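Trainee: Here is the input, now give the coordinates:
(chains A and B)
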Amino acid sequence: MSMAKPNLEAREKILAKLRGRELVNCFQCIKCTSGCTALKLLELKPHEIIKLVNLGFVDELPSSDIIWTCVTCLKCVQRCPQKASPYHVIMALRNIAVEKEAKVPEGYLKAVSQILETGLIETPKKIVTRKMETVDRDCLKLPKINPPKENFQAVFTKTMEEK
Amino acid sequence: MTRIGVYVCHCGLNIAGVVDVEKVAEYAKGLPDVVVAKHYTYMCSEPGQHMIQDDIEAQNLDRIVIATCSPRMHEETFRRAVAEAGLNPYLTEIVNLREHVSWAHTHEPEKATEKAKALVRMGVAHARLLEPLEKRKVSVEKGVLVVGGGIAGIQTSLDLADAGFKVHLVEKSPSIGGRMSQLDKTFPTLDCSACILTPKMVDVAKHPNITLLTNAEVTNVKGFVGNYEASILKNPTYVDAEKCVGCELCTKVCPVKVPDRFNENLTEKRAISIYSTQAVPKIATINPDYCLRLKYNKGVCGKCQDACEAKAIDFEQKPETVQVKVGGIVLAVGSEVFNASKMVELGYGRFKNVISSIEFERISDASGPTGGKIVSPKDGKTPKTIAFIQCVGSRDKRFHDYCCRVGCMVTLKQAILAREKIHENVRIYVCYVDLRAFGKGYDEFYRSARDKDIDFIAGLPSEIHSAQDGSLCFDVYDKGTSKLLEVHPDLVVLGTGLVPNNDLGNISALFHASRSADGFLLEAHPKLRPLETAMGGVFLAGACQGPKDIPDTVAQASGAAAKAIDLLSSGEIELEPLKAVVDKDSCSGCRICESICPFVAVEMKPEVVDGNERFRAEVIEAMCQGCGLCSSACPTGAIKIQQYSSRQVLTQVQAALTETCTEGGK
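Mentor: As a prediction, this is how the structure comes out:
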C-alpha cells in the first residue's frame, strides 16, 4: 500500500467553502453511513468522505465518481449528532469538481440542463392506468405546463453560483 | 511615614521567561515610599516568605507589594506570612505578573516588562492607601439541610449525622433511595444495588441525628452562611405516618389503578400504595390525582379506610410547613434520565420493545415487574436478539453536548446481565461510538464483557424501523469490517444519558446556586472547589453537579459532608473583611444596590428621621462576598468596598496614566 500524503492547501479550500469547521467536526459515530440512502446501491460512505477531508486526503475526491452518488435526501444532516453534515461537505466537493472542470456525470448535466430549459425535474410523460389505458395530461384535462419565464434561467444560474 | 517593600517573583521561568524581573525590581526602587525592592525565584517558597518577614522586621516595613501570580493562587499564603511577621495581613497588595502579563504576552517580552512596571507602579500606589482590616467571626447553627434523598443525600446525611451534626433530609418522593434503588446490579462488581443501598436507607431512618422529611420540598431559604433558615413544605400523604404499619391491606382493596413510577410506568399499582418493596419509610401514601375520594367527593369509595386496621387513613390531612435553622445546605437533588422519545428516529414510544436503560434495570431487577426475567415488554417473550444503542441524547448537539459518563458502563453491565440470564440463547449487539471505561476496575469489566461473546459494533444505526412482519429492524455500518449489517432485534435498549432535573431551575433560584452551560449546578471552581457553590455554606453532592456514577457520587457526597463539617465544627466562622460598607448619611434609599446584589446581601432597614420613616441600605456582612457591584452602581457613593473605595481605585488609575517613563515615580 502506498503512503497517503495530506494536501492541507486543498483541505483549506474545502473548509473555506464550508464557512466553519463545525461541518467537518465529526467523531465517526457512523450514523450517516448506517442510514445513507446511496450506500446500498452506490457504496457512498459519508463518514469516510468527512474523515478524508478532515485528514487532508482530498486530492482524488473532486474527480471521484463517489461524490456524485449522494441523492441529497439530507438524512445525514438531520441526524448527525455533531452537526457535521456530510451533505454540505459533498456539495462543497461537487462545486470544487466543477471549478476544476473535473468529469461531471452525464446524467447530472442532463438533469441540470433540463431544469434550465423546462423548469421541471421530470418532463410530463404518458402513463398507463390500471385499466391499461395510456393517458397524458391532455386527456386527463390537466392544465398545460408553460415554459419558464425569461428571467428564470438567469435566477437559476445565479443561485447555482456560490455566494 | 509609609515604608513599602516590593517583591518580584520569577515563578521559575513562568514570569522571568518573559518579563525582565530584575529591571522591574530596579524600577520599583525608584517609586515613592519604596524602601526595599527585591526579586526571587519563588516568592511563595519558604525562603521567599522568610525574605519578606526578615525585611518587615529589619526595615520596619508597613506595606508589602508582591508582584507574582494571580491572587487567587497565593494571596492567602502571603497574607499569612505577613501576619506572622506582626503586620496586619490586609496591608499586602498582590500584583499579577503571571496571568496578566507573562502568560498573556509571551511573544512580546519588552512590552510585557513595561506593562509589569506599570502594574507594579499601580500596586504601590494602591498599597499606600491600604487600611488595616480585621477578620470578623460569626456564630453558626450546627445543623445541616440535605436536599434530596438519593444515594448522594443518604451518604452526606449519614456522614454528617455520625459526626454529631443534626441533619434535616428532605426528599420529594414518598421514599428515599433515589435512582440507585431502581437499579438491578451495579458495575463494575455486579453486586446488587438493593443489597448495598437498603441498609443505608434503614440507617438514615433510625439515626437519632437525622430528621427525615419525605413527600416534602424546600419552598423558601433565608439567611447566610452558617445561619440559614429554610421553610419545608410537607405534602399530605393522607396516611398517618405514626399509625401506618406498612401491611398493605389498603392496596389490596383500592380499586384505582395508577402507573407505577418506581417501575418506570411498566406496571400499575393502586392509588394508595407503598412506593417500593424496600421503601424507607415503609408507609402507604395516597395519590390525590387518582384517589376517588380525594378527586371527586367525600361520599365515594373509602375502601382503604375500612380495610385499615391501624386506622391510619386520614383524608383530612393538610399540607404542613416546617421551619428549620441550619448552618449549611447540601444540594443532592440528582438528575433525570433523557427522554428518548425526543430522538424520533429511534422509535422510543412508538415501538414497545424499544426501551430505555432505566427500564431495562426494572425488567432485570428481581423486585421488578417480571421478577427479574428479561423479556420484551411487547410480547412478554425472552428476546433472541438484543441490541444496545449508545449515546442516546448525549454527545449530541441536538440535545446534550456532554458525555453522560455512565452510559457505556451501564450497557456493559446490562449486556453481561442479559448473557448471564438468557445464557447462549441470545445474540447481543452493542452499537457504540467510543467505549469509555475510565474508572477503577472499569476496563477490566469491559474486558469481561468481551469474554462473554457480545458483538461490539463500532457504529450507530441511523434509524430503527419496523419490518413488514412487525419486527424491529435497523441497518448499521461497522467501522472495523466496513460491512453493513442488518439487525432484527427483539429488544432494543437505548443508552439514555443523564440530564438536569426539570425543577433544577427553581432549585437554582431558591438556593442562589448558579448553573453551568450544560444545565447542571455550577461548582465554585471546576478543579479546586468542586464541592461548593459560589454561595457560602451551600454544597453540592452527586449528579446535580454533573452526570455521575455511584462511586463518584458517594465520594462527592462524603466530600460535601466533610466540607460542611469543616465549616460548622468550630461553632463560628471567620469572614473575609473585604466587604461593602454603607455610609448611612449619604444613602438615599434608592434600592439599586439591593436589586443588583447577586448574593442578596443588602437589606433595606427602616429608620425614623424627624418623624418620617425612610429606608437605608444595610449590608449583611456574612453574605457579602465583596464583589463590588453595589459600589459601582450606587448613585451617591454611599456604599463602598473596603480597600476599593473611589479614592483607592482612582489613585491606581492615576498611577497607570501618569507615569510612563522608566525613571520611576518620584
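
Trainee: what's the domain layout of chain A?
Mentor: Domain assignment for chain A by automatic domain parsing gives A:8-99, A:106-160.

Trainee: right, so of these, which gets closest to chain B?
Mentor: Smallest distance to chain B across the domains of chain A (CB to the nearest CB): 2.2 Å, for domain A:8-99. C-betas here are computed from N, CA, C, even on glycine.

Trainee: how far out from the middle of the chain is that closest one?
Mentor: 10 Å (CA atoms, centre = their mean, to the nearest Å).

Trainee: re the thing from before, so which of the domains of chain A is the most packed in?
Mentor: domain A:8-99 (a mean of 19; mean count of other CB atoms under 10 Å in any protein chain shown).

Trainee: picking up where we left off before, residue B:294 is nearest to which of the domains of chain A?
Mentor: domain A:8-99 (45.0 Å; CB to CB).

Trainee: Just to be sure, residue B:6 is in a strand?
Mentor: Yes: per DSSP: H, G, I helix; E, B strand; the rest coil, residue B:6 lies within a strand segment.

Trainee: Name whatever forms a beta bridge with it.
Mentor: Beta bridges link residue B:6 to residue B:37, residue B:65, judged by DSSP bridges.

Trainee: ok, it - how many residues close by?
Mentor: Residue B:6 has 28 neighbours, counted by other CB atoms under 10 Å in any protein chain shown.

Trainee: For residue A:53, which three-state class applies?
Mentor: Quick answer, by three-state DSSP: residue A:53 is helix.

Trainee: my bad, should have said residue B:221
Mentor: Relying on three-state DSSP, one would call residue B:221 strand.

Trainee: picking that back up, quick one: the domains of chain A as TSV, columns for distance to chain B too.
Mentor: Shown next, in TSV, are the domains of chain A (distance: least, CB to the nearest CB, whole Å):
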stretch	distance to chain B
domain A:8-99	2
domain A:106-160	23
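
Trainee: Mind telling me which of those the model trusts least?
Mentor: Among these, domain A:106-160 carries the lowest mean pLDDT, a mean of 87.

Trainee: Pull the distance from that one to the chain's centre.
Mentor: Centre to centre, stretch against its chain (CA atoms, centre = their mean), the figure for domain A:106-160 is 20 Å.

Trainee: Could you tell me the end-to-end distance of that domain?
Mentor: Taking CA to CA, to the nearest Å, domain A:106-160 runs 18 Å from one end to the other.

Trainee: ok so, going back, of the domains of chain A, which approaches residue B:163 most closely?
Mentor: Comparing the domains of chain A by CB to CB, domain A:8-99 comes nearest, at 44.9 Å.

Trainee: how about the residues of chain B that lie near chain A?
Mentor: B:345, B:391, B:395-398, B:433-434, B:458-463, B:474-479, B:482, B:484 (CB under 8 Å from any CB of the partner chain).

Trainee: Filter these down to the ones in strands?
Mentor: Of the positions in the residues of chain B next to chain A, B:391, B:458, B:474, B:475, B:476, B:477, B:478, B:484 sit in strands, assigned by DSSP state E.

Trainee: Narrow these to those that are buried.
Mentor: B:391, B:458, B:474, B:475, B:476, B:477, B:478, B:484 (16 or more other CB atoms under 10 Å in any protein chain shown).

Trainee: pLDDT and distance to residue B:419 added to those residues, as a markdown table?
Mentor: Shown next, in a markdown table, are those (pLDDT from 0 to 100; distance: CB to CB, whole Å):
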| residue | pLDDT | distance to residue B:419 |
| --- | --- | --- |
| B:391 | 96 | 22 |
| B:458 | 95 | 20 |
| B:474 | 97 | 21 |
| B:475 | 96 | 24 |
| B:476 | 97 | 20 |
| B:477 | 96 | 25 |
| B:478 | 95 | 20 |
| B:484 | 95 | 25 |
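
Trainee: right, and the pair among the residues you listed with maximum separation?
Mentor: Counting by CB to CB, the most remote pair of those is B:391 and B:484, 20.0 Å apart.
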